[in-house]
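Chemist: Need a 3D model of the following:
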Amino acid sequence: MRDLAFLALTWVPLTAHDVARGDGFPADTDRPRRLRLLLQAYGWRGGTEDVLHAVRERALQHAAGLRKAAADGYGPAVELVAEGVADDFERAVSTLDAETPWLLQAEREPR
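Modeler: Below you'll find the predicted structure:
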């Protein structure tokens, strides 16, 4: 589930919109459709809401892990935190919380 959650976070993408654009995704990316396609390709048989919950937790864990590694002095993590990457993962959660009803369309669309 952790792998699927991170894949959804970065491939759909379920990041903040400015982060997604910075990663090369167009502003009008159809997130519900992309989420549905990902879950179909993955062979996911559970609920979309379960995946979205896992994405939320995974993003928060990743941000916390980066912050801990930076606090422990791990150079690459120090740089990533300074660049705002941990903040970006936390902002992904805010975006996800706001867009969950829209993203749940992925369950209602025809497979």
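
Chemist: what residues are up against A59?
Modeler: A59 sits next to 9, 14, 89-90, 92-93, 96 when contact means C-beta atoms under 8 Å, 6 or more residues apart in numbering. (C-beta placed from N, C-alpha, C; glycine too.)

Chemist: let's see 10 Å
Modeler: By C-beta atoms under 10 Å, 6 or more residues apart in numbering, the contact list for A59 reads 5-6, 9-10, 14-15, 86, 88-96.

Chemist: next SSE after the helix or strand it falls within?
Modeler: Following DSSP states H and E, one finds A59 within helix 48-71. Going down the chain from helix 48-71, the next helix or strand is helix 75-82, by DSSP H and E.

Chemist: Just checking, which helix or strand succeeds that following helix along the chain?
Modeler: helix 85-103.

Chemist: So which other helices or strands are in contact with that next one?
Modeler: helix 2-11, helix 17-22, helix 31-42, helix 48-71, helix 75-82 (3 or more C-beta pairs under 10 Å, 6 or more residues apart in numbering; DSSP states H and E).
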